[in-house]
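Show me the folded form of this:
(one chain, ligands or ions: 1)
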Amino acid sequence: MTSRAHVAGWGKYVPERVLTNDDLTQMVETSDEWIRSRTGILERRIASDSDTTASMAIEAAHEAIEMAGIRPSDIDMIIVATCTPDHVFPSTACLVQDAIGATHAAAFDVAAGCSGFVYGLSVAADLIAAEAYQTALVIGAETLSRIVDWEDRATCVLFGDGAGAVILRSNGADGGILSSVLGSDGSGGDLLHLPAGGSRHPASHHTVSERMHFLKMKGREVFRFAVSVMPDATRQVLGQAGLTLEEVSLIIPHQANRRITNASVKALGLPEDRIYSNVERYGNTSAASIPIALCEAVEEDRVHRDDLVVLVGFGAGLTWAASAVRWSAPLPTIRPARWEKAWYGIRYRYAAIRSLARRVIRWIAARFSRDE
Ligand code: ACO
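Sure, this is the predicted structure:
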């Protein structure tokens, strides 16, 4: 392996609608004090009726593409990490591919719960390092509000919606994604799952009446798993890259619960300011949480050039994942000028026209062509 994958652009999208802890007290028997003290969450974003996982992923992708200054047709591969895809199939990645006009890209989804973004990052980075691809768009996007049981106070207070994206590119330089660790333990699959809607329990009156299309979680067990796996994965990914904890500038963990991140940083023996948190504003956005947090950490000047950043997540599966990243993107970031934004707008409109034209051609071919 000769070339490394570097983060060349990043972007996020969160819906406008804010749901506060006080709002939740009108919906279930809970309190701001309980949610705050047990999770650190103060509010979360909820998708509008017109938002979907794909529409939010597309917004985040636009920002990342424009930041990287590339053309959508430069993208070789799109990976969307999500457990709330628009459909079982086609993949959400294909919806993104069509909407942004990434005409040369392979596209697929990754289902690894909250670890999904780092899973996708690792796969893309390794394919870039193997020189199979040059440019990848990796997205974490979720509309958890559509699978949360709004009558279950033990889960509905935890989750939120949003999307984050990065562009990975090889540039022959040192740094970038240095190492990744991926893990799984399917024996814990029942701790966090969506019982129905798959081949085991296809949708039926029974699955609907039994509320089997809503997320179920054994919170205490997931908590115990998280506080042990996050420090272990962090140590492992650093060891693999020949680095030490002392060299880490910032850990960006999956944003599930402030108590989990505090316990993890304590187990690692690091000061609290070495771990990034925005869970108070967004709750747990599953696969979207790490890329959203990464974007905000950069915006807040918490990441500097040549910093060593560890991204670490855990989630449904059970799964866990960590990546050690030497930040090599130029800072401060140069936002695209207005004319560049306008130019991208024209490209996206062209992509929409192209997509429509292809559908029309397919429709005409189906009506007028005769199969031999
Ligand atoms: N408001 C008020 N009381 C509540 C609420 C609520 N929203 N939810 C639960 N309670 C009650 C329970 O009924 C229970 O009452 P009881 O003792 O009378 O039975 C009490 O509070 C304690 O409940 P616990 O579940 O033991 O509370 P705990 O301190 O463990 O906190 C929590 C629960 C926040 C869910 C915690 O276990 C946790 O964070 N777990 C990890 C969850 C997580 O990270 N999930 C995401 C995984 S990533 C992914 O892939 C999606």
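
Go over the secondary structure and confirm Met67 is in a helix.
Yes: if the criterion is DSSP: H, G, I helix; E, B strand; the rest coil, then Met67 is within a helix.

what about it, distance to the ligand?
To the ligand, Met67 is 27 Å away according to CB to the nearest ligand atom, to the nearest Å. The way it works is simple: take the backbone N, C-alpha and C, and place the C-beta from them, glycine included.

How about Arg45?
Counting by CB to the nearest ligand atom - Arg45 and the ligand are separated by 16 Å.

Could I get the contacting residues of Ala93?
The contact partners of Ala93, by CB atoms under 8 Å, 6 or more residues apart in numbering, come to 78-80, 107-109, 139.

At which residues are the helices of this structure located?
Taking DSSP state H as the test, the helices found in the chain are 21-25, 32-39, 53-68, 92-100, 116-129, 153-156, 205-209, 219-240, 258-268, 279-282, 289-299, 338-368.

got the ones you listed as TSV, with mean pLDDT columns?
Shown next, in TSV, are the helices of the chain (pLDDT from 0 to 100):
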stretch	mean pLDDT
helix 21-25	97
helix 32-39	97
helix 53-68	97
helix 92-100	98
helix 116-129	97
helix 153-156	96
helix 205-209	97
helix 219-240	96
helix 258-268	93
helix 279-282	97
helix 289-299	97
helix 338-368	94
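
out of those helices, which comes closest to Gly186?
When the helices of the chain are compared by CB to CB, helix 219-240 sits nearest Gly186, at 12.8 Å.

And the closest one, what's buried?
The neighbour-count check on helix 219-240 (16 or more other CB atoms under 10 Å) flags 222-223, 225-227, 229-238 as buried.

partner residues bridging the spatially most central residue of the chain?
Centroid-nearest residue in the chain, with CA atoms, centre = their mean: Gly140, separated by 2.0 Å. Using DSSP bridges, the beta-bridge partners of Gly140 come out as Ala81, Gly164.

Can you check the pLDDT for it?
Looking at Gly140, its pLDDT stands at 98.

Identify the bridge partners of Gly11.
Note on Gly11: beta-bridge partners by DSSP bridges are Ala165.

Quick one: name the residues of the stretch 1-150 of the chain near the ligand.
Residues of the stretch 1-150 of the chain that fall close to the ligand, judged by CB under 6 Å from any ligand atom: 30, 34-35, 38-39, 113-114.

want to try CSV for the residues you listed, with neighbour count as columns?
Shown next, in CSV, are these (neighbours: other CB atoms under 10 Å):
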residue, neighbour count
Thr30, 17
Trp34, 15
Ile35, 22
Arg38, 16
Thr39, 21
Gly113, 26
Cys114, 32
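
what's the neighbour count on the residue nearest to Gly269 when sequence neighbours are not counted?
The shortest distance from Gly269 to any non-neighbouring residue, by CB to CB, 6 or more residues apart in numbering, is to Leu245 (7.3 Å). Neighbours of Leu245 under the rule other CB atoms under 10 Å: 17.

Over to the one 4 residues further on?
Residues lying near Ser249 (other CB under 10 Å) number 15.

Find me the pLDDT at it, would you?
For Ser249, the pLDDT comes out at 96.

swap in Thr82?
pLDDT, Thr82: 98.

so who does it touch?
Thr82 makes contact with 53, 57, 92, 109-111, 116, 140-142, 286-287, according to CB under 8 Å, 6+ apart.

just to revisit the earlier point, ok, of the buried residues of helix 219-240, which one's closest to Ser180?
Val237 (6.5 Å).

Surely the closest one is in contact with Val310?
Yes: Val237 lies in contact with Val310 (CB atoms under 8 Å); the separation is 6.4 Å.

who touches both of those two?
322-324.

Buried subset of those residues, written for PyMOL?
Selection of buried members from the shared contacts of Val237 and Val310 for PyMOL, criterion 16+ other CB under 10 Å:
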select buried, resi 322+323+324
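
what's the closest of the shared contacts of Val237 and Val310 to the ligand?
Proximity of those to the ligand (CB to the nearest ligand atom) peaks at Ala322, which lies at 14.8 Å.

what's near enough to touch that closest one?
Taking CB under 8 Å, 6+ apart, we find Ala322 in contact with 118, 180-181, 233-234, 236-237, 310-313.

JSON lines please, covering those residues and showing distance to Asp22.
Shown next, in JSON lines, are those (distance: CB to CB, whole Å):
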{"residue": "Val118", "distance to Asp22": "33"}
{"residue": "Ser180", "distance to Asp22": "40"}
{"residue": "Val181", "distance to Asp22": "40"}
{"residue": "Ala233", "distance to Asp22": "35"}
{"residue": "Thr234", "distance to Asp22": "35"}
{"residue": "Gln236", "distance to Asp22": "41"}
{"residue": "Val237", "distance to Asp22": "39"}
{"residue": "Val310", "distance to Asp22": "35"}
{"residue": "Leu311", "distance to Asp22": "32"}
{"residue": "Val312", "distance to Asp22": "32"}
{"residue": "Gly313", "distance to Asp22": "29"}
